[in-house]
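Asks: please work out how this folds:
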Amino acid sequence: MIRIHREKMIESCPYGAMYFVPPTYPHKSTFYKITMICDGESDMEFYSRSGGETKKMRLKRGYAFIITPQDVHNFVGSDWTNYCFRDVYITEDLMKRLCGNISDTLYDEIMGAEYPPVFKLTLNTLFSIVEMHSVIAFKPASTENDAIHKVIVTYLLGAYLEYGNEKRNYPKWLRKFLESMEKEDFLMLSIEDMVKSVNYSHSYVCREFKKYLKVPIKQYIIKQKLIYSCNMLTQTDRSLEEISARFNFSALSNYIFLFKREYGLTPGKYRREHQIN
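Replies: Purely as a prediction, here's the structure:
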């Protein structure tokens, strides 16, 4: 049996909400929403829009998907320890307008796909959106909250479009390399070993990486290491020395220097201001 989540369900929180235990039954909504997996992972079942086979995907932190009123989907799993996702709710009128602001064909592309569109956010983008969404989640409608909500939806739609372009344009080795960088054990390697894993010459990898991503590979890797370290600072009690060594920084002083250059404050101060109790 397919359950329907109607707009009345979101009257008190029109901008979205955060959940730790998802609905484990086939369901659809009368409104649009973009779901972001913020922590943990689960299997997702997406029903074909044309009556074809159900598509099952394993989604983890950083993945997002767009659900329209024509879609039926289901979270599959039994252990929701450390699981968290956010729904950003969107009315049909707003969805059409914001899609149109980005691209004349974006709305038709989203609606015309066989399954709900799935895309991946960089951790930096995920953290930025979560921070903005935390301000308005579960909040009633207001002019100020409307403005923040539009920024979030535009940001997510732009990320979806960019992800599709990257998948089409990046060579296979680069896509695989970027996917590996979403794994903590890969980020624990030295920059040299990360580059060696590609099995092309160091100079070729560095040159091609900069050509596609417009930033030097060393700078990109350091930023990803720092992003992951932020999560460890706020969600664990590991010492700065442990975190620095875990991500293969040459020394604690180097980690502190790079962190402060990126975020404008030391890791210790970041932990004090953002640590989850």
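Asks: show me where pLDDT drops low in the stretch 51-200 of the chain?
Replies: By pLDDT under 70, the weakly predicted segments of the stretch 51-200 of the chain are 78, 165-168.
Asks: in it, which spans are helices?
Replies: With helices called from DSSP state H, counting those that start in this stretch, the stretch 51-200 of the chain shows them at 92-102, 106-112, 123-136, 143-169, 172-180, 184-187, 191-196.
Asks: among those helices, which is nearest residue 39?
Replies: The minimum distance between residue 39 and the helices of the stretch 51-200 of the chain falls on helix 123-136, with 10.0 Å, by C-beta to C-beta. Placement of C-beta: from N, CA and C, glycine included.
Asks: report all helices and strands that that closest one contacts.
Replies: Using 3 or more C-beta pairs under 8 Å, 6 or more residues apart in numbering; DSSP states H and E, the elements in contact with helix 123-136 are strand 32-39, strand 84-90, helix 143-169, helix 217-235.
Asks: contacts for that helix, please.
Replies: Helix 123-136 is contacted by residues 15-16, 18, 36, 38, 61-62, 86, 88, 121, 145, 148-149, 151-152, 155-156, 159, 182, 223-224, 227-228, 230-231 when judged by C-beta atoms under 8 Å, 6 or more residues apart in numbering.
Asks: repeat for stretch 262-277
Replies: With C-beta under 8 Å, 6+ apart as the test, stretch 262-277 has contacts from 223, 226, 229-230, 233-235, 240, 243, 255-256, 259-260.
Asks: show me this protein divided up by domain.
Replies: Split into domains by automatic domain parsing, the chain comes to 3-169, 172-274.
Asks: could you dump these to JSON lines with mean neighbour count?
Replies: Formatted as JSON lines, the domains of the chain follow (neighbours: other C-beta atoms under 10 Å):
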{"stretch": "domain 3-169", "mean neighbour count": "16"}
{"stretch": "domain 172-274", "mean neighbour count": "15"}
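Asks: so which pair among the contacts of stretch 262-277 is furthest apart in space?
Replies: Maximum distance among those (C-beta to C-beta): 20.6 Å, for 235 and 260.
Asks: in space, what's closest to residue 182 - neighbours in sequence excluded?
Replies: Excluding the flanking residues, the one nearest residue 182 by C-beta to C-beta, 6 or more residues apart in numbering is residue 62, at 6.1 Å.
Asks: I should have written residue 232 there, sorry.
Replies: For residue 232, ignoring the flanking residues on the chain, the nearest one in space by C-beta to C-beta, 6+ apart is residue 243 at 5.3 Å.
Asks: what about the one you found, helix or strand, and which?
Replies: Here residue 243, judged by DSSP states H and E, is contained in helix 240-246.
Asks: what's next to that helix, contact-wise?
Replies: Where contact means C-beta under 8 Å, 6+ apart, the residues beyond helix 240-246 that reach it are 188, 229, 232-233, 238, 251-252, 254-256, 267-268.
Asks: including distance to residue 101, could those go into TSV?
Replies: Below are the contacts of helix 240-246 laid out as TSV (distance: C-beta to C-beta, whole Å):
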residue	distance to residue 101
188	41
229	35
232	37
233	36
238	43
251	47
252	46
254	43
255	40
256	41
267	38
268	41
